[in-house]
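Q: Provided below are the primary sequence and the corresponding predicted coordinates.
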Amino acid sequence: MPVRQAFARMIFLSQPKVDNQLLTQLQAFVNRDFSPFIVIAVEVESSDSRFSGPIKQILNSTTAGVLKNKAYIERPDGKRLFLIDYKPPIEDGLGAKFIFPRQVNGEPFLTADSETVRFVAEFNESFKLNMRFKLADMVYQGKLEY
């Protein structure tokens, strides 16, 4: 929830005028229950559209079926968790959303003991995401938040 709170605050502060409808939408976003899922959002930004344009086109046109066995998160022990859904970017500022189950066999896939998690998504021969995140950086008020 802290990430959603921060994102909602960024949107709030970026608006010249805030109305009740926006406040209601932001609060609904913050309060929404994402607990069954791990959602990784990917946004593309570049000052040169020659580079960002083709990548945005790939993100907009791909589907969960295309990424089914090519997008996963991986723990240091080598265990992988594969994508269950993909949402292309819409006008919400969050970019593309890669959705994974939070639990496997009733247990959380990630714990603070995992130390790191790697996110991989292979779209084609020339475009692949491969990022590693430290779980210690995801602890907020003593709790792993992701």
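A: Perfect, thanks for sending it. Numbering: from 1, shown residues only.
Q: Could you list everything the most centrally placed residue in the chain pairs with in the sheet?
A: Residue closest to the mean C-alpha point of the chain, counted by CA atoms, centre = their mean, is I40 at 1.5 Å. As for beta bridges, I40 partners with F98 under DSSP bridges.
Q: residues in contact with it?
A: I73, K97, F98, F100, F119 (CB atoms under 8 Å, 6 or more residues apart in numbering). In this view, the C-beta of every residue, glycine as well, is placed from N, C-alpha and C.
Q: which stretches of this protein form strands?
A: 37-42, 71-74, 80-82, 85-87, 96-101, 103-104, 107-108, 116-124, 127-134, 139-140, 143-144 (DSSP state E).
Q: Turn the ones you listed into JSON lines, columns for mean pLDDT and distance to T24.
A: Listed next are those as JSON lines, based on pLDDT from 0 to 100; distance: least, CB to CB, whole Å:
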{"stretch": "strand 37-42", "mean pLDDT": "92", "distance to T24": "22"}
{"stretch": "strand 71-74", "mean pLDDT": "98", "distance to T24": "32"}
{"stretch": "strand 80-82", "mean pLDDT": "97", "distance to T24": "34"}
{"stretch": "strand 85-87", "mean pLDDT": "97", "distance to T24": "22"}
{"stretch": "strand 96-101", "mean pLDDT": "96", "distance to T24": "22"}
{"stretch": "strand 103-104", "mean pLDDT": "93", "distance to T24": "31"}
{"stretch": "strand 107-108", "mean pLDDT": "92", "distance to T24": "31"}
{"stretch": "strand 116-124", "mean pLDDT": "95", "distance to T24": "32"}
{"stretch": "strand 127-134", "mean pLDDT": "95", "distance to T24": "32"}
{"stretch": "strand 139-140", "mean pLDDT": "80", "distance to T24": "25"}
{"stretch": "strand 143-144", "mean pLDDT": "78", "distance to T24": "27"}
